[in-house]
Structures are given as C-alpha cells and as structure tokens.
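A.B. asks: Predicted model, plus sequence, below.
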Amino acid sequence: FISGLIILFERPIKIGDRITVGDVNGDVREINMRSTTIVTPDNIVMIVPNSEFISGRVTNWSYGDPKVRLHIPVGVSYQADVGLVRSVLLGIAMRSPKVLKDPEPEVWFIKFGESSLDFELLVWAPIPIGRRRTISEINFEINRAFQENGIEIPYPQRDVHFRTAIPKE
C-alpha cells in the first residue's frame, strides 16, 4: 500500500511509460494502490506488486526524453574494406524511416575479433517501443547491402593442429 502511495506521489512511472522491472518489459496501463498493470509487447498483462518498483531496479524507457540509442553489432571478414563497411552502414541508417537523423548515426570499429572485424552501428530511435523490430529491419538491410557490395560476414574459424605421439621403444 505504501509503495503504491510512493509511486502515485513521486511519479517515477506513469500510465503509458515503457518500462522494465525485473524480467518484465512493457507499457504501464494502470497504477493502483497495491499493484501496477503492465502490458508486454506480446499483449500479455502482467500484474506487478508496487513493492517491486520501490525495492528493485526499474528502467523507464520513456521518462523525460523518449528517444533511445540502439546498438547493432556487425562482424565482417578481415578482407573487407573498412571504409566501405562504414559507408554502407551509415547509408542504411540514414535511409531508415525509423532512425532519427539528429543525433546522427555512428559506426564504431570495436575490435579485431577472432574471426571478424567487429563494428557497431549506433542509431537513435524516436521511441523505445518497437526497438527490436527496428533492429531486425536494419539487420535485413545490412544483410542485403553487404551481399550487394561483396562484404562477407565470416563464419567462426579455428585452426586445429594434431600432434602424433612418438612411440616409446
């Protein structure tokens, strides 16, 4: 009951917010004295005790500024032209209607991985709702554009060396 009063007066969450509390992710539909109703992206209604909002960690995706930055990892072959990779990724981001143009998308060269050169495309979405769908659509475009431009996404590779034992005499 006290947790409900705290939520109603402090307003860390409000109806319509996209939140994550524990392992529950969804939109706040109703706030009552003892519990809060959250509807997940799969349209499942979750009743969460208000005490979880007070004692646990809560991520409010839409508190204040609703835009959210998406991180999209991409690995390419060591033979790839990194300038072309950067150009293709930025082009995809700039053409996507679900990506904000300001702040501008970025491409980071993260590391030299075991089997690939690892990049990360960073884009801003106007709202957190549908971020997984946006990432999926961008991944489809990355795959298409890489095929068109001859940029290979490598398979993990391992070198295996066999040693034969020398027989003892």
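C.D. replies: Perfect, thanks for sending it. Numbering: from 1, shown residues only.
A.B. asks: where are the low-confidence patches of the protein?
C.D. replies: 1-11, 169 (pLDDT under 70).
A.B. asks: buried ones in the longest helix seen in it?
C.D. replies: The longest helix of the chain (DSSP state H) is helix 131-149. Residues of helix 131-149 classed as buried by neighbour count (16 or more other Cβ atoms under 10 Å): 131, 134-135, 137-138, 141-142, 145-146. For glycine as for every other residue, the C-beta is placed from the backbone atoms N, C-alpha and C.
A.B. asks: list the helices and strands that helix packs on?
C.D. replies: strand 68-76, helix 82-95, strand 117-125 (3 or more Cβ pairs under 8 Å, 6 or more residues apart in numbering; DSSP states H and E).
A.B. asks: and among these, the most buried is which?
C.D. replies: Of those, the one with the most neighbours on average (mean count of other Cβ atoms under 10 Å) is strand 117-125, at a mean of 19.
A.B. asks: okay, the angle between it and helix 82-95?
C.D. replies: Angle of strand 117-125 versus helix 82-95, following axes from the mean of the first three to the mean of the last three Cα atoms, to 10 degrees, is 20 degrees.
A.B. asks: Quickly run through the sheet partners of strand 117-125, with directions.
C.D. replies: Using DSSP bridges, the strands paired with strand 117-125 in its sheet are strand 68-76 (antiparallel), strand 106-112 (antiparallel).
A.B. asks: what about it, distance to the chain center?
C.D. replies: For strand 117-125, the separation from the chain centroid amounts to 10 Å (computed by Cα atoms, centre = their mean, to the nearest Å).
A.B. asks: who's in contact with that strand?
C.D. replies: 67-78, 80, 82, 85-86, 89, 92-93, 96, 98-100, 103, 105-112, 131, 134, 138, 142 (Cβ atoms under 8 Å, 6 or more residues apart in numbering).
A.B. asks: Recalculate using a threshold of 6 Å.
C.D. replies: Outside strand 117-125, the residues that touch it by Cβ atoms under 6 Å, 6 or more residues apart in numbering are 67-76, 89, 93, 99-100, 103, 105-111, 131, 134.
A.B. asks: And stretch 14-26, by the same measure?
C.D. replies: Contacts for stretch 14-26 (Cβ under 6 Å, 6+ apart): 13, 27-28, 38-40, 46, 48, 52, 56, 58-62, 128-129.
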